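Peer 1: Pasting the sequence and the predicted coordinates here, then a few questions.
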Amino acid sequence: MTTTIPLNNGVTLPSVGYGVFQTPPDETASAVTTALEAGYRMIDTAAAYGNESGVGEALRRADLTRDDVFLETKAWITDYGYDSTLHAFEKASAKLGVEQIDLFILHQPLNGDEETYALEAYRALETLYADGKVRAIGVSNFLPHHLDRLLDERDIVPAVNQIEVHPYFRNSELLTKHQELGIVSQAWSPLGGITFYPGWGDDARRSTLADPTIGEIALAHGVTAAQVMLRWHVQQGRQVIPKSVTPARIAQNLDVFGFTLSDAELAQIDALDTGVRGGPDPAANTRENRYREIPEA
Ligand code: A2P
């Protein structure tokens, strides 16, 4: 069971979705099948994850209609530009095996002279939206100044900005800005996985899953630390896309609607913010340092 969040164009987004960042392509179909069987009705993937085909395979296998599942994917920076991003949609819809994508977003901002590629890519999203090929459009990892430039130059306010948010990096300036602009905050790595993935973040940093404050709150409610973190997001109005390839955790992460955190508990979790992001700084993105080619099929 999950609640929904209204987007700024009236489309509704399930509050808890299933994310496949870091899910190996050959494990994706089975992981997404497990998630759909557990009751997830929103899947978040990306061209850059290399696993859109696995998501598509799970959707075809499932005993569900297309309307049952909210599907989100992202165009990668090597596909930015008006025509290239229109083509990126065709690549994504072929891999996913669907004609319409519920939410199509730009995966990363670009900076300096390269920012125009992202603005042209967003213009392509506006065309896809006008043509009914996507039900909503948005961005990811945009910083406040990227949003300002986008809103100055383009017509449609993004429905979402998918950003790093977890108890050790609350990203509060953006959360406030999103509220002002009517943009839904989608939290990636909502459990703080980015702080402990091998090769990402700071290896010396303690995992949010072992945080004593979160542990105490979990004990008080008879739930797990992961459930406390997800509940913290949902109660503060954010959409979450926890990643797991473990069936018991996949089920557990959707089960966050049977308890409520008090204002004091929410504030205790807010106070764990270190102000240090686990992922790369979007202000440093260039086409060269984030280069990744997206294959046709
Ligand atoms: P795994 O996929 O092996 O189950 P995030 O979504 O914040 O990036 O976090 C994902 C990480 O957290 C993965 O390493 C995942 O492991 C782990 N994880 C996901 N759900 C849970 C849970 N309920 N309890 C403990 N660890 C979890």
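Peer 2: Now that the structure is in, tell me what you want to look at.
Peer 1: From E126, how far out is T116?
Peer 2: Separation of T116 from E126 (Cβ to Cβ, to the nearest Å): 15 Å. (Each C-beta comes from the backbone N, C-alpha and C, glycine too.)
Peer 1: Can you verify my assumption that V256 contacts W232?
Peer 2: No - using Cβ atoms under 8 Å, V256 makes no contact with W232, being 9.4 Å away.
Peer 1: Name the nearest residue to I77, sequence neighbours excluded.
Peer 2: Nearest non-adjacent residue to I77, counting by Cβ to Cβ, 6 or more residues apart in numbering: Q108, 5.4 Å away.
Peer 1: if I pick that neighbour, what's in contact with it?
Peer 2: Q108 is in contact with W76, I77, A118, S140, N141, P282, N285, R290, counting by Cβ atoms under 8 Å, 6 or more residues apart in numbering.
Peer 1: 6 Å instead, please
Peer 2: I77, N141, N285 (Cβ atoms under 6 Å, 6 or more residues apart in numbering).
Peer 1: what's it sitting at in phi/psi?
Peer 2: phi -150, psi 150 (degrees, to the nearest 10).
Peer 1: tell me the pLDDT at S207?
Peer 2: Listed pLDDT for S207 reads 86.
Peer 1: how deep is it tucked in, by neighbour count?
Peer 2: 14 (other Cβ atoms under 10 Å).
Peer 1: Quick check, it in contact with I194.
Peer 2: No - if you go by Cβ atoms under 6 Å, S207 and I194 don't touch, sitting 10.7 Å apart.
Peer 1: For the residue of the stretch 151-297 of the chain at minimum distance from the ligand, which non-adjacent residue is closest in space?
Peer 2: Using Cβ to the nearest ligand atom, the closest approach of the stretch 151-297 of the chain to the ligand is made by G193 at 2.3 Å. Distances taken as Cβ to Cβ, 6+ apart place K243 nearest to G193, at 6.3 Å, with adjacent residues excluded.
Peer 1: doesn't G19 make contact with that neighbour?
Peer 2: Yes - with contact defined as Cβ under 6 Å, K243 reaches G19; the gap is 4.3 Å.
Peer 1: These two: which is more packed in?
Peer 2: With neighbours defined as other Cβ under 10 Å, K243 and G19 compare such that G19 has more, 28 against 21.
Peer 1: Contact partners for that one?
Peer 2: Each residue near G19 by Cβ under 6 Å, 6+ apart is listed here: D44, I241, K243.
Peer 1: I'd like to know how far it sits from the ligand.
Peer 2: According to Cβ to the nearest ligand atom, to the nearest Å, G19 and the ligand sit 6 Å apart.
Peer 1: Neighbours of the closest residue to that residue other than its chain neighbours, how many?
Peer 2: Excluding its sequence neighbours, the residue lying closest to G19 (Cβ to Cβ, 6+ apart) is I241, at 3.4 Å. By the criterion of other Cβ under 10 Å, I241 has 23 neighbours.
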